[in-house]
Each structure stands twice: as structure tokens, then as C-alpha cells.
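A.B. asks: Turn this into a model:
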Amino acid sequence: MIRHILGALALATTLSFTATSASAEETPKKFSLAWSIYVGFMPWYYLDESGIMDKWADKYGIEVELVQINDYLEAINQYTAGRFDGVTMTNMDMLTIPSAAGVDTTALITGDFSNGNDAVVLKGRDSLEEIAGLDVYLLELSVSHYTLARALDSVGLSERDVQVVNTSDADIATAFNDPAVQATTLWNPQLGIVMEDPAANIVFDSTQIPGEILDIMGVNTKTLAENPELGKAMTGAWFEAMAIISGDDEKAREAKQMMAAAAGTDLAGLQKQLDATYLFYTPKAKADYLTTEQLRETMKFVTEFSFSHGLLGQGASSPGAVGIEFPDGSVLGDPDYVKMRFNHDFLQMAVDGKL
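C.D. replies: Alright, predicted model coming up:
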């Protein structure tokens, strides 16, 4: 009798364990990615709302949640704190926030570079040299700050010749309405709003530093290594969306209208921003442009700016304090402290049609 009871208990335990295991196997892994409003990041909104992300996630048996965060820097800070598995950001902010903080991050999707979307704007002045002595309103230590530094250098000026006034990206367009504000550096869509002022003049923009301001979806390197299906799903979804957006048919117009509405503009306004963005619409276009040589040259500028502004951490003794790994495996900076990576493994799968 006791053996029967024990046998029954053993069977019940086995069945319970089997059911639990089956349930665990049926629950897909879930990943959460943060993004914020910017023309280069709007495809994430489209591929989420259109169901493209879900389709690719289902293909690889996972769930991917895309979360909009209204404040750009807050999104990056939340990723750095471990709240998200990935986040949209520029190459400079990737280096100076998560990577400098010790969060090993991979640039999984480098979707574009700014080709006019970032600019220095003066009020009632049309020459960059006239910026000398002015207060310049910008999001301090962001890519706008970098743009200003590159602009000043181009005319033999430096940051000692101006006074930077820290202003959040959410407030900067409104701040320009103040008569006291005579100079600003900012990005779209705020740039488009500021340029509605008839006194506003662009005196320097990112077309003059092509390829230096990259827009990235960065993902935690450890998470990506342990879950390659995440990289495959995100890469597949991204390039499917790109193929649609790059078209000129009704489906492309619908996609752009969705992105425009979410960005607070209309189709014409979004198209103007897209025209100031060098988008990598195909995997091959991205692979051909973002070579190790191009990335190394870009990141050399970025590391030097970041170090000179104390953005690599208190212990940083040189621009190479944070190691940056490139697609060919070579490293810029400290090879023993690699925390920023450009990995083309998933991109190559897309190029080869193996996703």
C-alpha cells in the first residue's frame, strides 16, 4: 500500500515537473528595447506598429517589446541601469554613457548617419564666425555639443570663444523663441521647428562632417551573445522595414505617414528630415560604407572629443580608455577594456540572405 502511495506521489511529481517544463518551454524569452523620437529612430516605431517586429520575433521564438521614451538621454540612462536590453543612441553617446560606465554594448543596427539633421543655428546672423562671444544653447555633452566643437574648429575657434548653456532636447526649440537666445545647436525635429523663425540661419550642419554622427540601436553584448535569435530578429525586421520605407508606392507612403504622425510632423516634414539623413536602406549599402577604416576614423574624432570633455570617466587617462572593437576584430583603445563593439555578423547574414 505504501509503495502504491509513493508510486502515485512519484508519478504526480513527474507529471507536475513535466507540465512545468513544458510550460517553461512554451514561454518565449522576452526582450525590451527603448527608443526616442528622431528621424533615424522612427523606423522602430513603424516596424513595431506594423507588426513587422512581431513577425520576425515569432520566427525566432522570442518576444520583442519596443518602448518609446520621451527623453533621449533618459532612455540611454535606463538602458545603462539595466532596465532595457537595448536602446537607440548615437555613436558618441553609446561610447560616453553605457560603454564608459562599463556596460559592454554592441552596435547591432547602425541605421544611418546625420547628413544635415544636426546643425548650429544663429539668429539674425549668417556667418559661423559671428558665434564668437555668444551663449550657445544645446544639450550639453551630447552629439550637439560635438557638432558645435567640430563647427568651431572649422573656423579656427574653440569652446573658449563661446559659452555653452545646457538645455534639454525637450525644451530647446521653445527656448529659441526667447529674444535673449541668439545661438543654438540641435537636431531634428527640433531643428525644423527652430527654422520656422525667419531670423534663423543654419551656419554649420552635419553634411560638413559626413559619417561622424551615427544613429544606432545598441544591445547589451552579453544578452546578444547568449541570444543570437534576438540579433537575427531585429536585423531581419529592420531591413524589411527599410525596404518598404525606401519605396515610392502606397505602402511606403503609409509607412512614412505613420512615422510622421508619431514624430509630430506631416509627410512633407518627415521627408525633409529623411533628406537630411543618409539611411542605409539595404544590408549591402551598410556593409559597403561602414567598413572598419570608416568606423575607425569616425571613432578617433569621437574619442578625442569625449576625452577632452571628461566623458570617459574619472579614471580615463587617454582617449583610448575604452576599447572599441570593429567588424574585423581590431580594437581602437584599450584591448583589455573593450566595452563598445561594431559587429557585422548579423548584417552579413542579411547580406547573404540567411536570416
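
A.B. asks: give me the low-pLDDT residue ranges for this protein?
C.D. replies: Residue ranges of the chain with pLDDT under 70: 1-25.

A.B. asks: mind listing the strands for it?
C.D. replies: Along the chain, counting by DSSP state E, strands occupy 29-35, 62-68, 86-90, 105-114, 118-123, 135-138, 163-166, 183-187, 200-205, 214-220, 277-279, 323-325, 331-332, 338-342.

A.B. asks: Give me the sheet partners of the fourth one and which way each runs.
C.D. replies: For strand 105-114, sheet partners with direction are given as strand 214-220 (antiparallel), strand 277-279 (antiparallel), strand 338-342 (parallel), following DSSP bridges.

A.B. asks: Quick one: residues contacting the nearest residue to residue 101 once chain neighbours are set aside.
C.D. replies: Closest residue in space to residue 101, ignoring its immediate chain neighbours: residue 80 at 5.4 Å, by CB to CB, 6 or more residues apart in numbering. Placement of C-beta: from N, CA and C, glycine included. By CB atoms under 8 Å, 6 or more residues apart in numbering, the contact list for residue 80 reads 97-98, 101, 103.

A.B. asks: okay, now residue 154: neighbour count?
C.D. replies: 12 (other CB atoms under 10 Å).

A.B. asks: In this structure it contacts residue 204, no?
C.D. replies: Yes: if you go by CB atoms under 8 Å, residue 154 and residue 204 touch, sitting 6.9 Å apart.

A.B. asks: Give me the common contacts of the two.
C.D. replies: Residues touching both residue 154 and residue 204 (CB under 8 Å, 6+ apart): residue 128.

A.B. asks: Check the contacts of residue 80 against residue 28 and report the nearest one.
C.D. replies: Proximity of these to residue 28 was ranked by CB to CB; the top entry is residue 103 with 24.7 Å.

A.B. asks: Spatially nearest residue to the closest one (excluding sequence neighbours)?
C.D. replies: Residue nearest to residue 103 in three dimensions, not counting chain neighbours: residue 80, with 5.4 Å by CB to CB, 6+ apart.

A.B. asks: which residues does the nearest residue to residue 316 once chain neighbours are set aside contact?
C.D. replies: Counting by CB to CB, 6+ apart, residue 316 lies nearest to residue 307, which is 6.2 Å off, once chain neighbours are set aside. For residue 307, the contacting residues are 316, 318-319, 321, by CB under 8 Å, 6+ apart.

A.B. asks: Show me which pair in the residues you listed is furthest apart.
C.D. replies: Across the contacts of residue 307, the longest distance by CB to CB is 8.1 Å; it joins 316 and 319.

A.B. asks: circling back to that earlier point, measure the residue nearest to residue 101 to residue 307 for me?
C.D. replies: 19 Å (CB to CB, to the nearest Å).

A.B. asks: Could you do residue 37 as well?
C.D. replies: Counting by CB to CB, the gap from residue 37 to residue 307 is 30 Å.

A.B. asks: do residue 243 as well
C.D. replies: Residue 243 sits 39 Å away from residue 307 when distances are taken as CB to CB.

A.B. asks: Over to residue 157?
C.D. replies: Taken as CB to CB, the span from residue 157 to residue 307 is 20 Å.

A.B. asks: The spatially closest residue to residue 292 that is not a sequence neighbour: neighbour count?
C.D. replies: Nearest in space to residue 292, with sequence neighbours left out and distances taken as CB to CB, 6+ apart, is residue 326 at 4.2 Å. Using other CB under 10 Å, the number of residues around residue 326 comes to 21.

A.B. asks: Residue 326: what's it in contact with?
C.D. replies: Residue 326 sits next to 292, 295-296, 332, 342 when contact means CB under 8 Å, 6+ apart.

A.B. asks: of these, closest to residue 178?
C.D. replies: Looking across those and measuring by CB to CB, the closest to residue 178 is residue 295, at 39.2 Å.

A.B. asks: how close does the closest one get to residue 325?
C.D. replies: Residue 295 is 10 Å from residue 325, by CB to CB.

A.B. asks: What of residue 91?
C.D. replies: 13 Å.

A.B. asks: and if you look at residue 206?
C.D. replies: In terms of CB to CB, residue 206 sits 25 Å off from residue 325.

A.B. asks: more neighbours, these two?
C.D. replies: More crowded of residue 206 and residue 325, by other CB under 10 Å: residue 206, with 26 against 22.

A.B. asks: isn't the more buried one right up against residue 90?
C.D. replies: No: contact criterion CB under 8 Å: residue 206 and residue 90 do not qualify, at 10.8 Å.

A.B. asks: For those two, list the residues in contact with both.
C.D. replies: Joint contacts of residue 206 and residue 90 (CB under 8 Å, 6+ apart) are residue 213.

A.B. asks: Could you check how far the nearest residue to residue 98 once chain neighbours are set aside is from residue 37?
C.D. replies: Excluding its sequence neighbours, the residue lying closest to residue 98 (CB to CB, 6+ apart) is residue 80, at 4.4 Å. Remark: distance between residue 80 and residue 37 (CB to CB) = 20 Å.

A.B. asks: now do residue 345
C.D. replies: 29 Å.

A.B. asks: cool, and residue 213?
C.D. replies: Using CB to CB, one gets 16 Å for the distance from residue 213 to residue 37.
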